[in-house]
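In: Sequence first, then the predicted structure:
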Amino acid sequence: MRSKIIIASVILACILTTWLFARLYQELMTAYEQSGSLMEVEYSWLFRLLLNIGGYATVLLPGFILYKYLDRSNYFDKIGNSTHLSRILHACFGEPTERLPESIKPTKVEESTTREGVELAFCFTGLMGAYLVWGLLQEKIMTQSYLLSDGTVVKFDDSQFLVFINRLLAFLVALGRLLCTQQPLVSAPLYKFSYCSVTNIISAWCQYEALKYVSFPTQVLSKSCKVIPVMMMGKLISRTKYELYEYVTAVMISVGMVLFMFGSHDDYSVSTVTTMSGLTLLALYMVCDSFTSSWQGALFARYSCSALQMLCGVNLFSCALTAAALAHHTTTQHSLTLLQHPVFAMDCLLLSVSSAVGQLLIYRTIARFGAVVFTIIMTLRQAVSILLSCAVYGHVVSLGGCAGVALVFAAALLRVYCRRRLRARRQREVHA
């Protein structure tokens with residue numbers, strides 16, 4: 001009885017902390033929105049980002065306090081899962097009790113090269129289709145204006161609201177699918193998903209926000225060099241050891257994509273719509289995005305999550321965090337009103353559907369092939385999309401651009417060849 005009273009008091013204290021932080025956040029948001037000078041400077045995005053993080057803190061900080069109390073008091077060892085409250089807390093903060101020890105886990109069976117190739121082709125094709133649609137709609141929503149029925153021309157600029165809509169639909173799709181198939185909703189402590197959720201929504205926000213300061217081609221160019229940051233983050237988070245050929249092919253892909261983008265379309269070489277704010281946002285996007293995929297890869301490896309469980313867990317936190325930040329935005333009401341515009345509503349729906357499908361394929365790819373292979377697939381997707389644009393619209397690819405795309409695909413083929421040789425060598429060593 002005493003332990004129940006204590007945990008109830010701690011939860012009540014967390015709720016009070018949430019309320020206090022929400023009030024403080026609301027005051028800060030009001031002060032920012034009433035200060036015209038802050039909203040007009042080039043670095044106003046930094047204030048918005050800090051305010052968003054303050055909104056996330058209203059959820060994360062009380063959760064952190066509760067987690068530290070449960071950990072230091074050895075709550076789960078003392079109470080177990082005897083009550084509904086303890087089971088809820090265990091799902092949020094406790095380690096699974098039904099996982100097999102590493103020593104008795106079944107050995108993974110190596111799949112055939114053909115089956116692996118088919119799976120890789122499926123992931124590549126699906127990601128390309130989903131994110132081609134997503135990229136086009138993202139640029140349209142963030143850069144175009146919408147004509148309302150009363151003749152007013154409105155431009156949408158609330159990146160946080162767009163992130164919330166995308167994550168909400170993805171969460172509902174994943175939850176519905178898990179319930180229909182009667183799969184466990186979680187296979188890892190829920191708080192583990194919060195790390196990649198925070199970096200996921202920050203990277204998405206930075207990506208949308210960057211389009212206000214840099215051209216779309218510049219943003220695409222920055223994404224093409226993500227392979228090396230992802231490998232560095234993999235070493236930092238999971239202590240992953242990469243072979244020499246993986247470093248070589250990563251550099252080849254990055255160099256090839258830079259050559260290809262500067263030589264494949266006039267917009268890529270002459271665009272000057274780039275500012276220091278835009279470059280900073282792109283750098284922050286790359287760091288957060290690299291952490292997200294690497295952390296998800298670590299969760300897949302440790303807890304054997306399914307793609308749907310990962311989609312559900314990450315987007316549950318994403319919805320909670322973005323909703324906490326949006327609750328006190330005065331622009332939120334404007335964004336909700338704009339949803340009454342049929343074209344804007346349809347654009348948001350299609351964007352969210354393509355984002356949900358893309359996320360599901362992302363998690364499937366990371367779970368099956370790892371974060372680095374996923375990043376390479378996305379880089380190749382960008383190259384193919386630009387080649388398609390050149391073919392459809394008659395853009396000329398320069399000699400340097402041709403050399404760049406040849407280098408990218410040569411690196412991808414070299415990686416496949418080296419991986420097959422390394423796998424064959426290890427199999428010979430096992431059987432020897």
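Out: Perfect, thanks for sending it.

In: Hmm, residue 406 is touching residue 255, no?
Out: No: judged on CB atoms under 8 Å, residue 406 makes no contact with residue 255 at a distance of 11.6 Å. From N, CA and C alone the C-beta is placed, and that goes for glycine too.

In: And those two? Which one has more around it.
Out: Higher neighbour count among residue 406 and residue 255: residue 255, with 17 against 13, using other CB atoms under 10 Å.

In: Specify the local secondary structure of the nearest residue to that one once chain neighbours are set aside.
Out: Nearest non-adjacent residue to residue 255, counting by CB to CB, 6 or more residues apart in numbering: residue 407, 6.5 Å away. Following DSSP: H, G, I helix; E, B strand; the rest coil, we place residue 407 in the helix state.

In: Also residue 154?
Out: Residue 154 - assigned by three-state DSSP - is strand.

In: Return the distance of residue 214 relative to residue 200.
Out: 21 Å (CB to CB, to the nearest Å).

In: Hmm, I typed the wrong one, I wanted residue 127.
Out: 16 Å.

In: So if I had to pick from these two, which one is more boxed in?
Out: residue 200 (26 against 22).

In: on that earlier part again, wait, what's in contact with the residue nearest to residue 255?
Out: Listed by CB atoms under 8 Å, 6 or more residues apart in numbering, the contact partners of residue 407 are 252-253, 255-256, 259-260.

In: Spatially nearest residue to residue 202, not counting backbone neighbours?
Out: Here the residue nearest residue 202, using CB to CB, 6+ apart, is residue 288, at 4.9 Å.

In: What strand or helix carries the one you found?
Out: helix 276-303 (DSSP states H and E).

In: What is the helix or strand following that helix packed up against?
Out: For helix 276-303, the succeeding helix or strand toward the C-terminus, using DSSP H and E, is helix 307-326. If you count contacts as 3 or more CB pairs under 8 Å, 6 or more residues apart in numbering; DSSP states H and E, helix 307-326 packs onto helix 44-72, helix 159-180, helix 192-210, helix 276-303, helix 342-369.

In: of all those helices, which lies closest to residue 318?
Out: helix 159-180 (3.9 Å; CB to CB).

In: Would you confirm that residue 225 belongs to a strand?
Out: No: using three-state DSSP, the assignment for residue 225 is coil, not a strand.

In: on that earlier part again, how much space separates the residue nearest to residue 255 from residue 7?
Out: Residue 407 is 59 Å from residue 7, by CB to CB.

In: Okay, domains of this structure per the record?
Out: The chain resolves into domains spanning 1-95, 112-431 when parsed by automatic domain parsing.

In: Could you point out which residue ranges in the stretch 151-300 of the chain have low pLDDT?
Out: 215-218, 220, 224, 261, 263-274 (pLDDT under 70).

In: can we see that at 50?
Out: 267-273 (pLDDT under 50).

In: hang on, the earlier thing: and the helices and strands packed on helix 307-326: which comes nearest residue 311?
Out: Among the helices and strands packed on helix 307-326, if distance is taken as CB to CB, the winner is helix 159-180, at 4.0 Å.

In: just checking, what packs against the closest one?
Out: Using 3+ CB pairs under 8 Å, 6+ apart: helix 159-180 touches helix 113-143, helix 192-210, helix 307-326, helix 331-338, helix 342-369.

In: please redo it, this time with the cut-off set to 10 Å
Out: helix 44-72, helix 113-143, helix 192-210, helix 307-326, helix 331-338, helix 342-369 (3 or more CB pairs under 10 Å, 6 or more residues apart in numbering; DSSP states H and E).

In: Using JSON lines, please lay out these together with distance to residue 418.
Out: Shown next, in JSON lines, are those (distance: least, CB to CB, whole Å):
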{"stretch": "helix 44-72", "distance to residue 418": "40"}
{"stretch": "helix 113-143", "distance to residue 418": "14"}
{"stretch": "helix 192-210", "distance to residue 418": "29"}
{"stretch": "helix 307-326", "distance to residue 418": "27"}
{"stretch": "helix 331-338", "distance to residue 418": "48"}
{"stretch": "helix 342-369", "distance to residue 418": "15"}
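
In: Now the weakest link among those, please, by mean pLDDT.
Out: Sorting the helices and strands packed on helix 159-180 by mean pLDDT places helix 331-338 lowest, at a mean of 74.

In: contacting residues around that helix?
Out: Helix 331-338 is contacted from outside by 29, 33, 146, 148, 154-158, 160-162, 164-165, 323, 325-326, 329, 344-345, 348, using CB atoms under 10 Å, 6 or more residues apart in numbering.

In: what do you get if the cut-off is 8 Å, keeping everything else the same?
Out: 146, 154, 156-158, 161, 326, 344.

In: Distance of residue 144 relative to residue 204?
Out: Distance from residue 144 to residue 204, by CB to CB: 19 Å.

In: More neighbours: these two, which one.
Out: Set residue 144 next to residue 204 and count neighbours by other CB under 10 Å: residue 204 wins out with 24 against 12.

In: and that one, what is it in contact with?
Out: 159, 163, 166.

In: Would you list the buried entries among the contacts of helix 331-338?
Out: Among those, those buried by neighbour count (16 or more other CB atoms under 10 Å) are 146, 156-158, 161, 326, 344.

In: And the furthest pair within these?
Out: 146 and 326 (19.8 Å).

In: Kind regards, and thank you for your time.
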